[in-house]
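A.B. asks: make a model of this:
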Amino acid sequence: MINIMIFSNKESSKNLFFFDPIPFSGGSKKVVNSIIQLLPKRDITITVATANPSDWQKVSELNGELIPIINTLKIIKIRNIDFLQQAETGLLYFACQILLASQLLFIQLFNKRFTLLIGTSGPGVDLALYFFNYFYKKPLFQFVQGPIAPSRTIARCLLCCTSLCYLASTKMSIENCLTNFITRNNSGKPNKKNKELNLLAEKVLDGDNFFELNNGLTRHDWPTQIKHANIIKNINSIYSDDSAKTIMGDDKHVCKKRNMDIDRDIFWAASILKWKGLDILLDALNLFDESKRPFSSICYIKPKNTTLSASIAPQDICNVNWYEQPENIDKIRKNHKIFVSTSVKEPFGLSVLEALAAGMVVVIPNDGAYWDQELVHGENCFKYQANNSKDLKDKISYLLSSEKLMLTLGKNSLVVAENYRAEKTYKPIIEILMNIESAASHSYSLVHANKH
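C.D. replies: As a prediction, this is how the structure comes out:
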């Protein structure tokens with residue numbers, strides 16, 4: 001186990017335990033990182049049990065420097081077996097969760113008793129935390145940052161947690177899970193136990209402890225604003241015969257040379273899981289003549305221990321720079337004009353918010369997801385047909401030839417981003433985390449639920 005600790009002479013009255021079993025980086029972890037940064041200046045102990053300690057390194061570095069709010073911070077590595085970790089259903093899935101839960105019990109033996117348990121992703125991912133709480137019986141706060149499956153096990157978890165905080169895009173899946181649970185109970189012989197479970201499920205849906213998560217960026221995470229003057233440069237002056245270059249990893253020259261002082265055009269940042277849509281952007285870029293292909297930067301994360309298919313990265317494409325999980329992503333982003341999102345039905349899209357806050361021109365798919373509903377085409381973003389590389393290529397071409405439109409979109413992006421200041425959006429969550437003293441009266445014991 002790996003511990004990163006910051007000590008205090010004063011004993012903490014609150015001991016918050018965050019559970020993160022996902023082995024690769026993602027937006028959901030950034031959200032929880034931001035919330036930890038915003039915890040009030042009181043005596044608190046934070047313990048993070050994680051499969052990937054490097055994802056929480058920033059909290060450790062900020063603690064006591066930019067945000068002197070946490071008396072003790074512990075980051076503890078939890079381990080898993082690859083073939084178990086890849087299982088999403090069945091006996092192997094439950095074996096994986098039991099293995100994780102046993103480690104949580106071990107962690108508790110050597111730490112001060114936790115006052116609050118926090119699941120950071122969703123009940124299906126965080127199931128081990130519920131198994132752990134079978135013995136521990138403490139308040140449990142659950143984030144839901146992606147759609148959930150209509151499973152009886154997950155439904156029981158929803159009935160168990162003290163508070164449930166969900167992204168707006170996941171609400172329907174939560175409701176479907178609970179209504180499906182009620183329907184299954186009603187399909188059997190009517191009995192008092194099933195009736196109690198149904199009433200509890202309905203109470204969860206309508207309860208005060210079931211509330212929406214509004215994401216945001218802290219002042220420490222607010223990106224550097226791009227130079228809007230760069231947007232209105234004549235696009236014809238940017239390209240020249242010696243300006244094409246591809247960077248593979250650390251500046252390995254593959255194509256023709258390019259003056260790196262020239263601002264770049266396209267910025268993309270996400271994991272290379274297939275559903276994130278990197279191939280859509282690459283196909284769009286390959287539709288350009290090589291001499292006119294926009295200079296692009298791709299910042300990517302390679303997911304670990306997953307059965308989900310992934311795109312190939314990096315690839316040898318002229319005018320495209322590749323960066324694997326760069327630490328200086330803000331420095332890279334600020335030299336670009338256009339941010340392209342290719343994820344379809346993204347639950348939120350933190351990278352889109354970061355691009356808006358940087359004043360970039362944001363290009364998103366017309367897919368009915370969160371940002372498609374929040375942003376207006378031609379006013380504060382530009383939209384293309386989802387999964388359509390040709391339409392994406394055409395929209396990029398149009399933008400690059402319309403400097404005034406790009407300037408307008410970029411300035412309007414900043415106006416939208418101001419509504420997503422984390423100090424305001426996460427305030428209700430901070431208050432709940434600080435004030436949960438015991439399990440809420442509506443919370444249903446997992447032990448009790450499993451007896452039914």
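A.B. asks: quick one: contacts for residue 169?
C.D. replies: Contact partners of residue 169, counting by CB atoms under 8 Å, 6 or more residues apart in numbering, are 147, 345, 346, 347, 348, 369, 370. The way it works is simple: take the backbone N, C-alpha and C, and place the C-beta from them, glycine included.
A.B. asks: the last one: neighbouring residues, count only.
C.D. replies: The tally of other residues near residue 370 (other CB atoms under 10 Å) stands at 20.
A.B. asks: in the sheet, who's paired with residue 271?
C.D. replies: Following DSSP bridges, residue 271 is listed with bridge partners residue 301.
A.B. asks: hmm, back to that, just put the contacts of residue 169 in CSV and tack on distance to residue 106.
C.D. replies: Compiled in CSV, the contacts of residue 169 are given as follows (distance: CB to CB, whole Å):
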residue, distance to residue 106
147, 32
345, 38
346, 36
347, 32
348, 34
369, 40
370, 39
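A.B. asks: which one of those has the most neighbours?
C.D. replies: Comparing the contacts of residue 169 on neighbour count, residue 346 comes out first with 25 neighbours (neighbours: other CB under 10 Å).
A.B. asks: tell me where the stretch 151-300 of the chain is predicted with low confidence.
C.D. replies: For the stretch 151-300 of the chain, applying pLDDT under 70 flags the ranges 186-207, 228-263.
A.B. asks: rerun at 90
C.D. replies: 151-152, 156, 158-162, 164, 168-169, 171-172, 174-214, 220-221, 227-264, 291 (pLDDT under 90).
A.B. asks: tell me where it has helices.
C.D. replies: Using DSSP state H, counting those that start in this stretch, the helices assigned to the stretch 151-300 of the chain run over residues 152-160, 171-187, 192-206, 228-231, 278-286.
A.B. asks: assign residue 409 to helix, strand or coil.
C.D. replies: Here residue 409 is recorded as helix under DSSP: H, G, I helix; E, B strand; the rest coil.
A.B. asks: need the pLDDT of it.
C.D. replies: Residue 409 carries a pLDDT value of 96.
A.B. asks: would you agree it is in contact with residue 382?
C.D. replies: Yes - between residue 409 and residue 382 there is a contact under CB atoms under 8 Å: 6.6 Å.
A.B. asks: so these two - more neighbours on which side?
C.D. replies: Using other CB under 10 Å as the criterion, residue 409 and residue 382 rank with residue 409 on top: 26 against 23.
A.B. asks: any idea how far residue 355 is from the more buried one?
C.D. replies: Using CB to CB, to the nearest Å, residue 409 is found at 11 Å from residue 355.
A.B. asks: give the intersection of the neighbour lists for the two.
C.D. replies: Common neighbours of residue 409 and residue 355 are listed as residue 362 (criterion: CB under 8 Å, 6+ apart).
A.B. asks: quick revisit: what is in contact with residue 409 and residue 382 at once?
C.D. replies: 361, 362.
A.B. asks: so what's residue 111 up against?
C.D. replies: So residue 111 contacts 15, 47, 74 (CB under 8 Å, 6+ apart).
A.B. asks: what helices and strands are in contact with whichever helix or strand the second one is part of?
C.D. replies: Using DSSP states H and E, the element containing residue 47 is strand 44-50. The contact analysis (3 or more CB pairs under 8 Å, 6 or more residues apart in numbering; DSSP states H and E) places strand 44-50 against strand 14-20, strand 72-77, helix 90-109.
A.B. asks: list of residues touching whichever helix or strand comes after the first one?
C.D. replies: Read that as strand 14-20. Per DSSP H and E, the first helix or strand lying C-terminal to strand 14-20 is helix 27-37. Identification of contacts with helix 27-37 by CB under 8 Å, 6+ apart yields 18, 20, 22, 46, 55-56, 58-59, 62, 67, 69-70, 118, 120-121, 143, 145-146, 213, 215-218, 220-221, 348-351, 422, 426, 429-430, 433.
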